[in-house]
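*Asks:* quick one: sequence plus predicted model below, questions after.
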Amino acid sequence: MPVTNVILSAAKNLLLISAIASATVAHAASAEKGKAAFIQHGCWQCHGFEGQGGTAGKQLAPNTMPLAAMSAFVRNSNGPMPPYTKAVLSDDELADIHAYLESRPKPRDYKTIPLLRQ
Amino acid sequence: MARKNTAPKEGRRKFLTGFVAAGAATAAATTLSPARAAEELAQADKSKASKAAPPSRRQLEAEQGEPHELGDARIKGVPGSDFMVDVIKTLGIKYVPANCASSYRGIHESLIDYGGNKMPEFLTCMHEESAVAMGHGYFKIAGKPLMTLCHGTVGLQHASMAIYNAWVDRVPVIVCGGNDLDAAHRPPGVPTTHSAQDINALVRDFTKWDDQPVSLQHFAQSFVRAYKIATTPPYGPVMISLDAGLQQEPIRNHGGEKLYIPKFVPTAPPQGDSGAVKEAARMLVAAQNPVIVADRCARTAAAIPMLVELAELLGARVVDQGSRVNFPRTHPLSSPPTAVANADVILGLELNDFWGTVNAFTDNAVNEGIGVNRSRIKPGTKLISISSVELNTKSNYQDFQRFQSVDVPMAGDAEATLPALIEAVKRAGPNKGAAESRIAAARKAHAEAHERARQAAAVAWDASPVSTARLVMETYAAIRNLDWSLVIAEGSGFTWPFRLWPIDRHYQWIGRSGGAGVGYAAPASVGAALANRDAGRFTVGFQSDGDLMYAPGVLWTAAKHRIPLLSVMHNNRAWHQEVMHVQRMANFRNRKVNTGNDLGPVGTSIMNPDVEYHKLAESMGWWAKGPIKDPAQLGPALREAVKVVQSGQPALLNVWTQPR
């Protein structure tokens, strides 16, 4: 890819990220709605109902990435995860999903779980 | 074919009119060895009068001291299928899992009456696919092949997917299909519908060898040959067509030539060329970062310590791709697939997919929909391959995967070649200090990976449905003090046992289906459990829901024949691989996926209604419990189930799980 195209692409992504970030400011994100959207849009398929991740998808919670970064990735993924456009998954739904993931409890240290110490 | 001969006075047409009486008559011949039978037939031909032999002790016992009047027999002489049983018995085949079918009724009756239903013992199956898959699972534990019988047409059609799995997984299964070749004399209607010119054609693309014997002597040669070919590496399924006439008609005199059974002598496996072995050793010893990748290397337990010796000599990390236990998971050199990235020399041992080992594919719909390929290895990395499969490649089915150029390819059996390779490496003078340094680095990485795996397992530990990590570790806690054998771990991407269990012994994991034909797991686990029962081991498997629904009748077979098996269900209520494929398609096309009233895309979920697998299993004679959705209930249920299995029964736990 020519350098100019790379720069243009990066600029486009930055604009996209800031647009999503500003849009999400106005939206009061709901973890409850986010859970429904997480299931409805099939996020659970690779990432598990708790966002715990697995062989098919990365761990999303806890330590969820910032919304702007998550949005950029979801819209533009070119790896194993298929992209979700706004036509399929709105910015508000994405913000709700982010809120749901942030609401997931932190896991225990495995050393406190006897079955994982065996 | 056999009906071309006119020697017997009592033909098969007459036999067919007296089917009910024939059982006692055929059993009457049990005291005759094949050679003796041939002699008697020669005499009978001379006298023009067949005489029945007296009943055997076995028959007398079976009939509680009241032998049948042998003179009532509709067929005189010794049935051809009795001789077939004599042949089969010389090979030490222990079981015949099979679904009954009229086209092999002759040998069926001979097996259970003349053969005493021992060596082999008939195991009643509900589906031919289950029967073959039982043989598949059995072999991977016992190291001995089973035979199965089926209708040559419709039964073989059922069996074909399981035969394909065995083919790809390099497992010998001896499949015999009944077929009535004589179009002028076979019964009309269904028996003719169930006949074909060449039943073997259906599976010829994925069997090592097949034949359609036209005489009993031909059968003897072909059956022993089939066994020999199937059990010579690379292993694979074989197919024998059993003509109904040959089974049912009496042994004929062929001009005084006596029937004989060829002696089976195993063929030594092919080894890599000595020059290539030497070159491979030189490259491995000279490498700064050698990596060994093994897939179906360990045909037997003997390969594991050899691979450990080779790896330690070289200080080479070992990636076990898991189609067998090739290398102990607890060994510090046991490494993840990413280890190839830093290699300068890679030794591949019986790899099913060398291309996929050193290249990655991303299914992201770019490049006009075909996705992206990229190399996983550094430019200039040298590749060595030892694989017997190169000796047995066919054209039609694409299990040979994409073509990968290799610097030193050897067409030979990896396990058989390991001793020569180890010696060659020793002679080449490996750098002990460098090897120890690599082992120390690998030990640290191994410990860190184990730590990360346990922390990852702790995420969603208390979730409902039950997390797959918790499912696996609760199960391990229940069996860890037993001599356990994990025989299935179904579900796409279900890898927790390999990250968390100390899988070190050959029987502690036997690989997956090979051909990825869904429906393998349930019957293969029953077959493997049968072999483990005979070896005194405890069998456990993680059974997926979609797989079980293909042919759940195998549950009945396990209960019927008292095959102890702990089946812990990974019930994510979907064919999950397909859930994601359809979701992916929808995303690529910028459409919201239609899930109907289910969780996954329409056509991929197994819910509404939810299948009550525990009730299904109970109805077929299993101890079962479920559905278990609360992880806190899992441990106590497992402890109960383990006790049941230890008492000799199969037990199933229906556990609702996270998707992966």
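*Replies:* That came through, no problem.

*Asks:* any idea which residue sits dead centre in chain A?
*Replies:* Centroid-nearest residue in chain A, with C-alpha atoms, centre = their mean: A:Met70, separated by 4.4 Å.

*Asks:* low-confidence ranges in chain A?
*Replies:* A:1-26 (pLDDT under 70).

*Asks:* up against chain B, what does it have?
*Replies:* Within chain A, the positions near chain B by C-beta under 8 Å from any C-beta of the partner chain are A:39-42, A:44-46, A:48-50, A:52-57, A:59, A:61-62, A:77-80, A:82-85, A:87-88, A:107-110, A:113, A:115-116, A:118. C-beta: built from backbone N, CA, C; applies to glycine.

*Asks:* of the residues you listed, grab the buried ones for ChimeraX.
*Replies:* In ChimeraX, this line selects whichever of the residues of chain A next to chain B come out buried by 16 or more other C-beta atoms under 10 Å in any protein chain shown:
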select /A:39,40,41,42,44,45,46,48,49,50,52,53,54,56,57,59,61,62,80,82,83,84,88,107,110,113,115,116
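
*Asks:* which residues touch B:His450?
*Replies:* Contacts for B:His450 (C-beta atoms under 8 Å, 6 or more residues apart in numbering or on different chains) come out as B:Arg499.

*Asks:* for it, give its distance to B:Thr495.
*Replies:* 14 Å (C-beta to C-beta, to the nearest Å).

*Asks:* can you check B:Gln217 too?
*Replies:* 51 Å.

*Asks:* and if you look at B:Ala414?
*Replies:* The separation that B:Ala414 has from B:Thr495, given C-beta to C-beta, amounts to 24 Å.

*Asks:* ok, now B:Ala528?
*Replies:* From B:Ala528 to B:Thr495 the distance is 19 Å (C-beta to C-beta).

*Asks:* residues from the stretch 451-600 of chain B in reach of chain A?
*Replies:* Counting by C-beta under 8 Å from any C-beta, the residues of the stretch 451-600 of chain B near chain A are B:454-461, B:463, B:465, B:467-468, B:470, B:473-474, B:476-477, B:480, B:492-495, B:500, B:576, B:579-580, B:583-584, B:586-588, B:590-593, B:595, B:599-600.

*Asks:* in helices, which of the residues you listed fall?
*Replies:* Of those, the ones assigned to helices by DSSP state H are B:454-458, B:468, B:470, B:473-474, B:476-477, B:500, B:576, B:579-580, B:583-584, B:586-588.

*Asks:* of those, buried ones?
*Replies:* Among these, those scoring as buried are B:454, B:456-458, B:468, B:470, B:473-474, B:476-477, B:500, B:576, B:579-580, B:583-584, B:586-587 (criterion: 16+ other C-beta under 10 Å).

*Asks:* check which helix or strand covers B:Ala416.
*Replies:* helix B:414-428 (DSSP states H and E).

*Asks:* nearest the middle, which residue of chain B would you pick?
*Replies:* Nearest to chain B centroid, counting by C-alpha atoms, centre = their mean: B:His136, 1.6 Å.

*Asks:* show me what contacts that residue?
*Replies:* Going by C-beta under 8 Å, 6+ apart, B:His136 touches B:Ala162, B:Asn165, B:Ala166, B:Asp169, B:Val171, B:Val173, B:Ser513, B:Tyr520, B:Pro523, B:Ala524, B:Gly527.

*Asks:* need the buried ones from these selected in ChimeraX.
*Replies:* In ChimeraX, this line selects whichever of these come out buried by 16+ other C-beta under 10 Å:
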select /B:162,165,166,169,171,173,513,520,523,524,527
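
*Asks:* of B:Ala528 and B:Thr495, which one has the most company?
*Replies:* Legend: neighbour count by other C-beta atoms under 10 Å in any protein chain shown for B:Ala528 and B:Thr495, higher for B:Ala528 (30 against 17).

*Asks:* next, the more buried one: secondary structure please.
*Replies:* With DSSP: H, G, I helix; E, B strand; the rest coil as the basis, B:Ala528 sits in helix.

*Asks:* can I assume B:Ala133 sits in a helix?
*Replies:* Yes - counting by three-state DSSP, B:Ala133 is located in a helix.

*Asks:* give the contact list for it.
*Replies:* Applying C-beta under 8 Å, 6+ apart, the residues contacting B:Ala133 are B:Ala162, B:Asn165, B:Gly519, B:Tyr520, B:Ala522, B:Pro523, B:Ala524, B:Gly527, B:Val554.

*Asks:* and the furthest pair within those residues?
*Replies:* B:Asn165 and B:Val554 (14.3 Å; C-beta to C-beta).

*Asks:* low-confidence bits of the stretch 151-300 of chain B, can you list those?
*Replies:* For the stretch 151-300 of chain B (pLDDT under 70), the answer is B:254.

*Asks:* at which residues are the helices of it located?
*Replies:* For the stretch 151-300 of chain B, applying DSSP state H, counting those that start in this stretch gives helices covering B:154-168, B:190-193, B:216-230, B:244-248, B:274-286.

*Asks:* what of chain A?
*Replies:* A:3-26, A:31-40, A:44-47, A:67-76, A:91-102, A:114-117.

*Asks:* just want the angle from the fifth one to helix A:31-40.
*Replies:* The reference is to helix A:91-102. Using axes from the mean of the first three to the mean of the last three C-alpha atoms, to 10 degrees, the inter-axis angle of helix A:91-102 relative to helix A:31-40 is 100 degrees.

*Asks:* the fourth one now?
*Replies:* For helix A:67-76 against helix A:31-40, the angle between stretch directions is 20 degrees (the same axes, to 10 degrees).

*Asks:* now for the closest residue to B:Val285 other than its chain neighbours, how many residues are close by?
*Replies:* Take B:Val285 and drop its neighbours on the chain: the residue closest to it by C-beta to C-beta, 6 or more residues apart in numbering or on different chains is B:Ala428, 4.2 Å away. Applying other C-beta under 10 Å, we find 16 residues neighbouring B:Ala428.

*Asks:* ok, now B:Val154?
*Replies:* So B:Val154, with other C-beta under 10 Å, has 15 neighbours.

*Asks:* show me the contacts for whichever residue of the stretch 501-650 of chain B sits closest to chain A.
*Replies:* Here the stretch 501-650 of chain B gets closest to chain A at one residue, B:Asn587, 3.4 Å apart by C-beta to the nearest C-beta. Contacts for B:Asn587 (C-beta under 8 Å, 6+ apart) come out as A:Pro82, A:Pro83, A:Tyr84, A:Val88, B:Val593.

*Asks:* noted, bye for now.
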